[in-house]
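In: This is a predicted model, with the sequence first.
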Amino acid sequence: MGEVDETFIQDPEHRPCLSIIEAEDIPLIDLSPIITSSSSSNPKAIKEVVKQIGSACKEWGFLQVINHGVPVETRHKLDTAVREFFKLPLEEKRKVRRDESKVMGYYDAELTKNVRDWKEVLDFVVKEPTVVPASPYPDDKEVTQWYNQWPEYPPQFREACEEYNEQVVKLGLKLMELIAMSLDLPANRFHGYFEDETSNLRINYYPPCPSPHLALGLGRHKDGGALTVLAQDDVGGLEIKRKTDGEWIRVKPIPHAFVINISNILQTFKVWSNDRYDSVEHRALVNSEKERLSIGLSLNPAHYTLVKPLEELTDEQNPPKFRPYSWGKFMTHRKLTNFKKLNIDNIQIDQLRILE
Ligand SMILES: O=C(O)CCC(=O)C(=O)O
Ligand SMILES: [Fe+2]
């Protein structure tokens, strides 16, 4: 096979280094004290987990969890259905193609930072329908609803996906409790934000690529939302930009583990925690021999959430460093810019920073 189309080619400074640097791995946290017992039964073990979560969030922005309570079969069922879907002919997959009016579904021409990604994706909302603002304009109060487009084949797709979402959202909310505790907040501090969650599932399928040294499966980015729970298969390719030195390091696939990413584009946690927890860039490499699959559930708050530094974490010595922003308006803006140019700038975290 020849080289890839030039739309996929990364600028030299962003091309991947294919010889793996065997660096230290991101923290691996065993959640069994949380999953197997109630919070009163083993306070010492739970405190230890909270401590590990807190330092992983501060030092890495990424971690992996094992013994997380999501059944192996739930994950296996979705994995099987997804692989069957991506093997279908393009015309079949395009029957659930996303567009401006149906924003969830299949897509095969995504760009990250204006360079094409070597991947196909499927997007679903967790709650159907998901209520969101109709436009990103601050004065427009109109809302709209996002629905899923379920593939007809394989027939078990929808059930597998819904079961997976339910289990993984449960894990995501548990992790939000642990993160709250690591910030010395009550365990349920964030729960209210997720009652009308706008969470979504993003399935990434990376076909083998003839030029893995020139292209990326997914260019460098930070995720939206509060937290991403990612399942990657055993092929490997996820890299994160290490905070301490900016080196790209590979996240080792661990059977049945989930990779947790507390970071996001508008850095919800950076704002909520008033700068204690920061976000981290990551990307996905491809290879010339094997296809790769990853499934990320992004736990997102209700559209009407005003994200701002929590009062408990600010005081006179520690004044708020960020102005509030509307989660829903931000999310709608991001979704619509996939389809058309809008007459409003993308919000960046530094625009929200209150100058000292
Ligand atoms: O494929 C991966 O490992 C990363 C996926 C990812 O970062 C995303 O979907 O946002
Ligand atoms: Fe990501």
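Out: Ah, there it is. Ligands and ions are numbered 1, 2, ... in the order given.
In: What score does the closest residue to ligand 1 within the stretch 251-356 of the chain have for pLDDT?
Out: Going by CB to the nearest ligand atom, ligand 1 is nearest to Ser294 of the stretch 251-356 of the chain, at 3.3 Å. All C-beta atoms are positioned from the backbone trio N, CA, C, and that covers glycine. Each residue has a pLDDT score; the one for Ser294 is 98.
In: Repeat that for Ile347.
Out: 58.
In: ditto for Gln267
Out: Predicted confidence (pLDDT) at Gln267: the value is 66.
In: try Asp315
Out: Looking at Asp315, its pLDDT is 89.
In: all helices of the protein, in order?
Out: Listed in chain order, the helices of the chain (DSSP state H) span residues 32-35, 43-59, 72-87, 90-93, 157-182, 268-272, 327-336, 349-352.
In: what comes up buried for the first one?
Out: Yep, that's helix 32-35 we're talking about. When burial is assessed from 16 or more other CB atoms under 10 Å, helix 32-35 yields the following buried residues: 33-34.
In: Going by contacts, tell me the helices and strands next to it.
Out: helix 43-59, helix 157-182 (3 or more CB pairs under 8 Å, 6 or more residues apart in numbering; DSSP states H and E).
In: what's the most buried one of the ones you listed?
Out: Highest mean neighbour count of those: helix 157-182, a mean of 20 (counted as mean count of other CB atoms under 10 Å).
In: Tell me where the model's unsure across the stretch 151-300 of the chain.
Out: 263-267 (pLDDT under 70).
In: do the stretch 1-150 of the chain as well
Out: Low-confidence segments of the stretch 1-150 of the chain, defined by pLDDT under 70, are located at 1-2, 20-24, 37-41.
In: which residues of it fall in strands?
Out: All strands of the stretch 1-150 of the chain, identified by DSSP state E, counting those that start in this stretch, fall at 28-30, 62-66, 105-107, 111-112, 115-116, 120-125, 130-133, 143-146.
In: Looking at those strands, spot the one closest to Ala302.
Out: strand 130-133 (8.2 Å; CB to CB).
In: Could you list the paired strands of that closest one along with their orientation?
Out: Partner strands and pairing direction for strand 130-133 (DSSP bridges) are strand 143-146 (antiparallel).
In: Would you mark the buried spots in the strand it pairs with?
Out: Neighbour counts using 16+ other CB under 10 Å place Trp146 of strand 143-146 among the buried residues.
In: Render the CA-only coordinates of it in PDB, please.
Out: The C-alpha atoms that make up strand 143-146 are tabulated as PDB, following Å, rounded to 0.1, in the frame of the first residue of the first chain:
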ATOM      1  CA  VAL A 143     -33.400  24.300  23.900                       C
ATOM      2  CA  THR A 144     -33.300  21.300  21.600                       C
ATOM      3  CA  GLN A 145     -33.000  17.500  22.000                       C
ATOM      4  CA  TRP A 146     -30.300  15.200  20.800                       C
END
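In: ok, and what's touching it?
Out: Residues lying outside strand 143-146 but in contact with it, judged by CB atoms under 8 Å, 6 or more residues apart in numbering, are 103-104, 125, 129-134, 303.
In: rerun at 6 Å
Out: The contact list for strand 143-146 (CB atoms under 6 Å, 6 or more residues apart in numbering) reads 103-104, 125, 129-131, 133-134.
In: Of the residues you listed - the most surrounded one?
Out: Thr130 (24 neighbours; other CB atoms under 10 Å).
In: how much space between it and Phe157?
Out: Counting by CB to CB, to the nearest Å, the separation of Thr130 from Phe157 is 19 Å.
In: now the helices and strands packed on helix 32-35 as TSV including distance to ligand 1?
Out: Written out in TSV, the entries for the helices and strands packed on helix 32-35 read as follows (distance: least, CB to the nearest ligand atom, whole Å):
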stretch	distance to ligand 1
helix 43-59	17
helix 157-182	14
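In: for those helices, which one sits closest to Phe86?
Out: Across those (criterion: CB to CB), the nearest stretch is helix 157-182, sitting at 11.2 Å.
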